[in-house]
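Colleague: Everything below, folded, please.
(one chain, ligands or ions: 2)
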Amino acid sequence: MDCSSCFACLAACPTQAIQEDRFLLHAERCLVYANESLDPWPDWVPSDAHHCLVGCMRCQEVCPQNAGRLKVEALPPVFTAEETEVVLRAQGDAGNAHMWAAIDKKLAQAGLILSGLLLARNLRALVPPESRSQESDDR
Ligand code: SF4
Ligand code: SF4
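Modeller: Ligands and ions are numbered 1, 2, ... in the order given. This is a model prediction of the structure:
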């Protein structure tokens with residue numbers, strides 16, 4: 001791999017996890033580290049950095065070594081507005097089992113085995129509070 005004159009991933013990383021000081025990335029600054037944890041959403045993530053429910057891929061998308069190798073797939077499951085509201089309001093494991101069964105089934109169809117709480121935490125980080133329903137919690 002010829003990284004010596006590239007730096008495309010360094011420029012694309014939204015959290016500056018890739019630095020010139022070493023070849024390895026600073027994993028503790030990587031979005032994937034932040035969005036696969038059930039800890040409270042970390043303050044160090046810039047407000048415009050989080051861009052998908054899990055993972056990131058910004059560095060992989062721009063890497064010239066990956067040219068022609070990455071594929072975007074449209075996943076069949078579509079979540080309803082009602083399901084999205086249920087996820088946004090999730091606080092615990094109880095309540096609305098029927099709705100959660102449907103949500104979990106769609107996640108599995110998309111190849112995502114995620115805890116409902118992780119899904120809720122990461123979706124809340126993506127959706128501004130003013131865009132959410134004011135109704136109270138379901139899970
Ligand atoms: S996955 Fe995203 S946050 Fe992590 S190093 Fe790559 S660009 Fe940075
Ligand atoms: S984008 Fe790819 S080739 Fe360029 S510096 Fe990063 S890892 Fe190396």
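Colleague: Outside of the helix or strand hosting Leu10 itself, list whatever touches it.
Modeller: Per DSSP states H and E: Leu10 is located in helix 8-12. Contact with helix 8-12 is made by 18-20, 58-64, as judged by Cβ atoms under 8 Å, 6 or more residues apart in numbering. For every residue, glycine as well, the C-beta is placed using N, CA and C.
Colleague: Mind picking the lowest-pLDDT entry from these?
Modeller: In terms of pLDDT, Glu20 ranks lowest among the contacts of helix 8-12, with 92.
Colleague: what about that one, which SS state?
Modeller: Assigned by DSSP: H, G, I helix; E, B strand; the rest coil, the conformation of Glu20 is coil.
Colleague: ok, and the closest non-adjacent residue to it?
Modeller: Once flanking residues are discounted, Glu20 sits nearest to Leu10: 6.8 Å by Cβ to Cβ, 6 or more residues apart in numbering.
Colleague: Counting neighbours, what do you get for the one you found?
Modeller: Residues near Leu10, counting by other Cβ atoms under 10 Å, number 16.
Colleague: still on that earlier bit, for the record, mean pLDDT for the helix holding Leu10?
Modeller: Helix 8-12 carries an average pLDDT of 97.
Colleague: again with stretch 78-95
Modeller: Per-region confidence: stretch 78-95 scores 81 on mean pLDDT.
Colleague: Could you report the separation of the residue nearest to Glu20 from ligand 1?
Modeller: Look at Leu10 and ligand 1: by Cβ to the nearest ligand atom, to the nearest Å, they are 9 Å apart.
Colleague: ok, now Leu25?
Modeller: Distance from Leu25 to ligand 1, by Cβ to the nearest ligand atom: 5 Å.
Colleague: about what we covered before: chain center to the helix holding Leu10, what's the gap?
Modeller: The chain centroid and the centroid of helix 8-12 are separated by 19 Å under Cα atoms, centre = their mean, to the nearest Å.
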